[in-house]
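1. this one's sequence-less:
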């Protein structure tokens, strides 16, 4: 049941405003020339913890009652949500328990620990993950904060669109990456309510196209084996997220791995911005479908900038 | 003879204002915590062509008479000045001739050609460089625009400080890298005139410490064999630049190669900004001399962001 709307997003924004960063929108004449459209990059790579995920996590934690907050929060995530939840909890002085597969990269473990999160390792399977999470919740009595399939998370991510609406007048198109769908659902429902004429796209790697297939068939794909360099988009589209996306998103565009790496390199070289592969997926979609965007004002959400600098994709390709 | 002052900088600013980008000043709570001071990063890596050099080059080109402009401009540079001069000339629709050693990296040749500059190769020696430059100037009748030892260039780079003065109220310290000295001289003379109480530092790699030694001895070092990863700071301090720096700069701080790489990585990871090694030298100086900056408001000029993404320093260290 969808119970998140423009009002919940506005409430979320009031709740988290002092904690988050209102990220800048940057432009590049050179990239405009390459794309044949006017691009506006919403820099969530500058968000605290280096990703938009901090918005949703902070909203969820601040939505808990003081009593609930006391026992801390828990989640399963080897990525930006785990780090963001740790940071949100740290700011409130409560504990965060992050369940992580024991083969998670050192750099991701470091990020969680750096924000004071406590890691609980599990074997790398969905079953083991859930079992350890259940144990942690039972032992500490803490609140489970899901990474995306959650109204508080969706409302938090939607605050990106409130800022876009203030920062970019008359956006023809807004495009975000889609993994679990928290960002896309939040942004789409918010923009749809604020500006009826704005077209909203999701952008997804071909190697993790469950949102695309769900959107086209009308039935949510729940089993898939993602294979993409965009490590923030490996998750399966959430239930609430899918429901919102079906009602508010105009289309989902799929892109090749090569186009993701090329778009990421363009942003690095031309804009001097560090973005993670997932954040380059929307630009890859714009450059792969130029006629669709020709002459339009296009807002691209750069979702995050957390990359392992010792393992850059072009050094592998 | 110094004939550049606050007025020439203001004139330069009026001249170039429409062509340049007024770059943002960004901050990072995390870096403040690490440094123990309040840091303000002036992002000249976002300047057109990816470096502050575009300011000076544009001012020099726009200072020429229309007649002089007709025959184009020339310089010797394998770095940011060559690319910036090419771009400035391109915007005016005139030609730019760039003399470059025949062993200059492909990526630097590409930058110059990308902005429409014509490359004239020479053997990699000072003598050959001057000979080819003389030939080019004689053949095309074009105007030589030096990379830093030039009043128009110094005034152009000084416009960085006009923006800083507007963007950061009450800066206790301003610190820039120093190579040929165009940026440091321009910024120092401008800040000195605008704000008597602001302390101004240059930051230089130990492996290219000619400005440091010149400053300390009072005699300009003209022969040195630089060896540093900061490839924008290999040049020898200019004559006009030294004269201005002696009168307006409080001190020059030298830093190790390791501290430059560490500072560069911090800016990449924590701020999600791509900066070149030279641009990380001031932060390296702040972190190496924390007590000197403790509790102060420190403006760091991130001078540029042109790096070869296939050859990152931490992959060598």
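-> The structure has been received and is ready for your questions. All of these numbers come straight from a predicted model, not from anything done at the bench.
2. lowest-confidence helix or strand of chain A?
-> When each helix and strand of chain A is scored by mean pLDDT, DSSP states H and E, helix A:106-114 comes last, with a mean of 91.
3. what helices and strands are in contact with it?
-> In terms of contacts (3 or more C-beta pairs under 8 Å, 6 or more residues apart in numbering or on different chains; DSSP states H and E), helix A:106-114 is packed against helix A:80-92, strand A:96-101, strand A:118-122. (Glycine included, C-beta is placed from N, CA and C.)
4. buried residues in it?
-> A:108-109, A:111-112 (16 or more other C-beta atoms under 10 Å in any protein chain shown).
5. now stretch A:304-314
-> A:304-307, A:312-313.
6. between the longest helix seen in chain A and helix A:80-92, how many degrees?
-> Longest helix in chain A by number of residues, with DSSP state H as the criterion: helix A:151-167. Calculated by axes from the mean of the first three to the mean of the last three C-alpha atoms, to 10 degrees, helix A:151-167 forms an angle of 90 degrees with helix A:80-92.
7. continuing past helix A:151-167, what's the next helix or strand?
-> strand A:173-177 (DSSP states H and E).
8. and that next one, which strands flank it?
-> Using DSSP bridges, the strands paired with strand A:173-177 in its sheet are strand A:199-205 (parallel), strand A:297-302 (parallel).
9. pLDDT (mean, whole number) over the longest one?
-> Across strand A:199-205, pLDDT averages out at 98.
10. same deal with stretch A:83-102?
-> 96.
11. again, but for stretch A:148-165
-> 98.
12. where do the strands sit along the stretch 1-150 of chain A?
-> A:25-26, A:38-43, A:73-76, A:96-101, A:118-122, A:143-144 (DSSP state E, counting those that start in this stretch).
13. now those strands in CSV, with distance to chain B?
-> Shown next, in CSV, are the strands of the stretch 1-150 of chain A (distance: least, C-beta to the nearest C-beta, whole Å):
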stretch, distance to chain B
strand A:25-26, 8
strand A:38-43, 8
strand A:73-76, 22
strand A:96-101, 18
strand A:118-122, 20
strand A:143-144, 27
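14. can you put those in TSV and add mean neighbour count?
-> Formatted as TSV, those follow (neighbours: other C-beta atoms under 10 Å in any protein chain shown):
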stretch	mean neighbour count
strand A:25-26	17
strand A:38-43	22
strand A:73-76	26
strand A:96-101	25
strand A:118-122	17
strand A:143-144	18
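15. quick check: the gap between residue A:301 and residue A:6.
-> 18 Å (C-beta to C-beta, to the nearest Å).
16. show the pLDDT at the residue of the stretch 151-300 of chain A found nearest chain B.
-> At 3.7 Å from chain B, residue A:272 is the closest residue in the stretch 151-300 of chain A, using C-beta to the nearest C-beta. The model reports residue A:272 with a pLDDT of 98.
17. need the contact list for the residue nearest to it when sequence neighbours are not counted.
-> Distances taken as C-beta to C-beta, 6 or more residues apart in numbering or on different chains put residue B:305 closest to residue A:272, at 3.7 Å, once the chain neighbours are dropped. Residue B:305 sits next to A:272, B:45-46, B:50-51, B:273-276, B:279 when contact means C-beta atoms under 8 Å, 6 or more residues apart in numbering or on different chains.
18. which residues of the stretch 1-150 of chain A lie near chain B?
-> A:24, A:26, A:43, A:45-46, A:50 (C-beta under 8 Å from any C-beta of the partner chain).
19. these two touch, right, residue A:49 and residue A:83?
-> Yes - if you go by C-beta atoms under 8 Å, residue A:49 and residue A:83 touch, sitting 5.1 Å apart.
20. if we can go back for a sec, what about the strands paired with strand A:173-177, which gets the closest to residue B:134?
-> Nearest of those to residue B:134, taken as C-beta to C-beta: strand A:297-302 at 47.5 Å.
21. from residue A:89, how far out is residue A:70?
-> Counting by C-beta to C-beta, the gap from residue A:70 to residue A:89 is 12 Å.
22. circling back to that earlier point, give me the pLDDT for the residue nearest to residue A:272.
-> So residue B:305 comes in at 97 (pLDDT).
23. got the angle for the longest helix of chain A vs strand A:38-43?
-> Going by the same axes, to 10 degrees, helix A:151-167 makes 130 degrees with strand A:38-43.
24. and helix A:151-167, anywhere near chain B?
-> No - taking C-beta under 8 Å from any C-beta as the criterion, helix A:151-167 and chain B are apart, separated by no less than 13.5 Å.
25. for that helix, which positions count as buried?
-> For helix A:151-167, by 16+ other C-beta under 10 Å, it's A:151-165.
26. got it, and stretch A:252-260?
-> In stretch A:252-260, counting by 16+ other C-beta under 10 Å, buried: A:252-255, A:257, A:259-260.
27. check stretch A:116-133 too.
-> Going by 16+ other C-beta under 10 Å, stretch A:116-133 has these buried residues: A:117-120, A:122, A:129, A:132-133.
28. output the residues you listed in JSON lines, with pLDDT appended to each entry.
-> What follows is the buried residues of stretch A:116-133, written out as JSON lines (pLDDT from 0 to 100):
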{"residue": "A:117", "pLDDT": "97"}
{"residue": "A:118", "pLDDT": "97"}
{"residue": "A:119", "pLDDT": "97"}
{"residue": "A:120", "pLDDT": "97"}
{"residue": "A:122", "pLDDT": "94"}
{"residue": "A:129", "pLDDT": "92"}
{"residue": "A:132", "pLDDT": "97"}
{"residue": "A:133", "pLDDT": "97"}
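29. please name the nearest non-neighbouring residue to the residue positioned nearest the centre of chain A.
-> Residue closest to the average C-alpha location in chain A (C-alpha atoms, centre = their mean): residue A:183, at 4.8 Å. Distances taken as C-beta to C-beta, 6+ apart place residue A:157 nearest to residue A:183, at 4.6 Å, with adjacent residues excluded.
30. surely the one you found and residue A:187 touch.
-> Yes - judged on C-beta under 8 Å, residue A:157 makes contact with residue A:187 at a distance of 6.8 Å.
31. quick check: residues of the stretch 151-300 of chain A near chain B?
-> A:265, A:268-269, A:271-275.
32. looking at those, which are in helices?
-> Reading helices off these with DSSP H, I get A:265, A:268-269, A:271.
33. counting neighbours, what do you get for the nearest residue to residue A:81 once chain neighbours are set aside?
-> Distances taken as C-beta to C-beta, 6+ apart put residue A:147 closest to residue A:81, at 4.0 Å, once the chain neighbours are dropped. Residue A:147 sits with 24 neighbouring residues when counted by other C-beta atoms under 10 Å in any protein chain shown.
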